[in-house]
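In: Give me a 3D structure for the following:
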Amino acid sequence: MAGIGFQLARLAREGGIGGIAGAALHGSLVSAGPWLITAAAMAVLEHWTSLRLDTAGAHRVQTILIYAFSLSAIVAAPVGMLATRLVADRLYARDAQGVPGVVVAALVAGGGLGLAAGVLLFSLATPLPLLDILIAATAVAWLAQIWVAAPLLTALRQYRAVPLAYCLGIAGVAVVLAFGPDADARAVLAIVTAGFGVTLVAIVSILRRHFAARAMLASLDLPPMRRAILVAGSGLLGVAAVWVDKWLLWQGPSSAATLGLLRLNPINDSGSFLGLLTIVPGLTLLLIVTETRFDTAFGALLARCTGTSTLERIGDAHRDVIATLLDGLRLLILAQALVAALAWVLAVPLFEAIGADLRAIFAFRHSAVGSVFHLIAIAATVALAYYDLFGRILLTWAVFALAAAIATLVQWPLGLAGFGWGYMIGAMVGATAGVALAADATVNLVYLLFVGNNPAVVGEQGRIL
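Out: Residues are numbered from 1 along each chain as shown. Here you go, the predicted model:
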């Protein structure tokens, strides 16, 4: 992502006020564009189904899609993280011939796991007929493949292609629903699932055009088992950290059974989702400023470590890395804290303006505060990824997820007033752990580069922590 950040930073520097605005807009699209587009589309679809379908049908569509998004994210996270790492390694080694094999294997794995998980969930937990189960499971599979394939386009600097692919699929669904014949819940779900397929085909077509070699996955492409587990596990726990409090509260206060054994908590879900949206400005700043500066400083240190520099010059570059990391973290905290403060103060007029349920304000405010610490945790894991310390990334998200789950259960008796607390406390604990782990690694970075995480010393498996 730093390559995109460099382009946007140049746009901001050279384009004046318009350049800054353009860089911010492009940064938002790159860092959270698919998320924002999907959120808007889901909100419109929810409103449309409430008007065109009966209550049971609208709840069926909404429940299946929410569970499909959640399940596909969990299924795709480890596969997508590992695939992204393998593709990055191939591109760094200037071996584009090896990319298609990795992409195809990742798509097959993500789609297969998504299909199996979808069939298992919807067949065991719902009274849906077989055809509906297959449609819902296909939605999970195609979403999982989208989550796997979409990040790979950033390696091609095709950062506009992903939002455009999402828009293409959404536009197709909108046209069919608007101008087609009246549809029942099954037909609506099938049309939306077809829209996922259109988006997936668009993304895969772009990848195929850029990587035209024959898809082959040689054994040499596979990383050592321990490293693969750490990379995949960090992706899995990173998603679980964000979702765990929502999963628990689907069984908690104000939740309701919406489809068989499947439940939702509309008050917490809506408030938490709006609160999570406040992290978008921070993600944009992380992309355009923080990571690009850190990438430059870390690259300079590596150049001196692999060249003929003296220990004194290596020490100067090391101190520059530390200073750059601290400056970037301070900037992120100040910017995101300001956004969270505005969200807290303006929550009531905002909810009144969009017609949201005022009872969701607790979840919104707590999630907005949690997003500050979530962003800190993300920044820490970015640094740890540069250091190739995925065990520490996994530990950061594991602590985040565990703390969020415990805090959610502790605040359970508070009802509405406790919504969002789990995510907020989990983010605080996760950020603390991430910063401590990243700080320790940064202080000892020269030792790690030469000895502590040098494959020639510790082996190809690398360190665990």
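In: domains of this protein?
Out: Here the domain parsing of the chain from automatic domain parsing is 2-222, 273-458.
In: To residue 236, which of those lies closest?
Out: Among the domains of the chain, domain 2-222 comes nearest to residue 236, with 4.5 Å by C-beta to C-beta. For every residue, glycine as well, the C-beta is placed using N, CA and C.
In: Just the mean pLDDT for the closest one, thanks.
Out: Mean per-residue pLDDT for domain 2-222: 82.
In: again, but for stretch 447-465
Out: pLDDT averaged over stretch 447-465 gives 86.
In: Ok, stretch 301-317 next?
Out: Average pLDDT, stretch 301-317: 91.
In: got it, and stretch 256-274?
Out: Computed over stretch 256-274, the mean pLDDT rounds to 92.
In: Mind listing residues that contact that stretch?
Out: Stretch 256-274 is contacted from outside by 39, 59-60, 62-64, 66-67, 124-128, 245-246, 249-255, 356-357, 359-364, 367, 416, 419-420, 423, using C-beta atoms under 8 Å, 6 or more residues apart in numbering.
In: Grab the most central residue of the protein for me.
Out: By C-alpha atoms, centre = their mean, the chain has its centre lying nearest to residue 239, at 6.9 Å.
In: ok, now how distant is the closest residue to that one other than its chain neighbours from residue 290?
Out: In this structure, residue 239 finds its nearest non-sequential neighbour in residue 77, 4.3 Å apart by C-beta to C-beta, 6 or more residues apart in numbering. Computed as C-beta to C-beta, to the nearest Å, the residue 77 to residue 290 distance reads 23 Å.
In: just to revisit the earlier point, among the contacts of stretch 256-274, the buried ones, what's the ChimeraX command?
Out: Remark: buried members of the contacts of stretch 256-274, expressed as a ChimeraX selection using 16 or more other C-beta atoms under 10 Å:
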select :59,60,62,63,64,66,67,126,128,245,246,249,250,252,253,255,356,359,360,361,362,363,364,367,416,419,420,423
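In: Mind checking which of the contacts of stretch 256-274 land in strands?
Out: In strands, defined here by DSSP state E, there are no members of the contacts of stretch 256-274.
In: May I see the domains of the chain arranged in JSON lines, with distance to residue 261 as well?
Out: Below are the domains of the chain laid out as JSON lines (distance: least, C-beta to C-beta, whole Å):
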{"stretch": "domain 2-222", "distance to residue 261": "4"}
{"stretch": "domain 273-458", "distance to residue 261": "20"}
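In: Wasn't residue 212 part of a helix?
Out: No - per DSSP: H, G, I helix; E, B strand; the rest coil, residue 212 lies outside any helix segment and is coil.
In: Quick check: closest non-adjacent residue to it.
Out: Nearest non-adjacent residue to residue 212 (C-beta to C-beta, 6+ apart): residue 100, at 7.8 Å.
In: can you check residue 455 too?
Out: With C-beta to C-beta, 6+ apart, the residue lying closest to residue 455 is residue 462, at 6.7 Å.
In: before we move on, what SS does the one you found have?
Out: Secondary structure for residue 462, judged by three-state DSSP, is coil.
In: Next one: it relative to residue 331, how far apart?
Out: Taking C-beta to C-beta as the measure, residue 462 falls 31 Å from residue 331.
In: And residue 411, by the same measure?
Out: According to C-beta to C-beta, residue 411 and residue 331 sit 32 Å apart.
In: More neighbours: these two, which one.
Out: residue 411 (22 against 16; other C-beta atoms under 10 Å).
In: Can you give me every residue that contacts that one?
Out: Residue 411 makes contacts with 418, 421-422, as judged by C-beta under 8 Å, 6+ apart.
In: Let's have those in a markdown table, adding distance to residue 442 and pLDDT.
Out: Shown next, in a markdown table, are the contacts of residue 411 (distance: C-beta to C-beta, whole Å; pLDDT from 0 to 100):
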| residue | distance to residue 442 | pLDDT |
| --- | --- | --- |
| 418 | 36 | 92 |
| 421 | 31 | 95 |
| 422 | 30 | 96 |
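In: Check the secondary structure at residue 258 for me.
Out: With three-state DSSP as the criterion, residue 258 reads strand.
In: do you know how far it is from residue 266?
Out: Between residue 258 and residue 266 the distance is 9 Å, computed by C-beta to C-beta.
In: And these two? Which one has more around it.
Out: With neighbours defined as other C-beta under 10 Å, residue 258 and residue 266 compare such that residue 258 has more, 20 against 15.
In: Quick check: that one vs residue 67, distance?
Out: Residue 258 is 10 Å from residue 67, by C-beta to C-beta.
In: what residues are shared contacts of the two?
Out: Taking C-beta under 8 Å, 6+ apart as the criterion, residue 258 and residue 67 do not both touch any residue.
In: Which positions within stretch 83-90 qualify as buried?
Out: 83-87, 90.
In: Output stretch 335-344 as CSV, restricted to C-alpha atoms.
Out: Extracted in CSV, the C-alpha atoms of stretch 335-344 (Å, rounded to 0.1, in the frame of the first residue of the first chain):
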residue,chain,number,x,y,z
ALA,A,335,-6.4,13.3,14.0
GLN,A,336,-8.5,10.3,14.9
ALA,A,337,-9.2,11.6,18.4
LEU,A,338,-10.6,14.8,16.9
VAL,A,339,-12.9,12.8,14.7
ALA,A,340,-14.0,10.7,17.7
ALA,A,341,-14.7,13.8,19.8
LEU,A,342,-16.8,15.3,17.0
ALA,A,343,-18.7,12.1,16.6
TRP,A,344,-19.4,11.9,20.4
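In: Average pLDDT for that stretch, rounded please.
Out: Mean predicted confidence for stretch 335-344 is 94.
In: which residues touch stretch 67-76?
Out: Here stretch 67-76 has contacts from 38, 110, 113-114, 117-118, 121-122, 136, 139-141, 143-148, 236, 239-240, 243, 246-247, 262, using C-beta under 8 Å, 6+ apart.
In: Is the closest residue to residue 313 other than its chain neighbours part of a helix or strand, or is it coil?
Out: In space, and not counting its chain neighbours, residue 313 is closest to residue 304: 5.6 Å by C-beta to C-beta, 6+ apart. When classified by three-state DSSP, residue 304 comes out as helix.
In: Any idea how many residues pack against residue 184?
Out: 14.
In: Could you measure from it over to residue 108?
Out: Per C-beta to C-beta, residue 184 is found 33 Å from residue 108.
In: try residue 440
Out: 39 Å.
In: follow-up on the earlier one: the residue nearest to the centre of the chain sits in which helix or strand?
Out: Using DSSP states H and E, residue 239 sits in helix 225-249.
In: centre of the chain versus that helix, how much separation?
Out: Taking C-alpha atoms, centre = their mean, to the nearest Å, one finds helix 225-249 lying 11 Å from the centre of the chain it belongs to.
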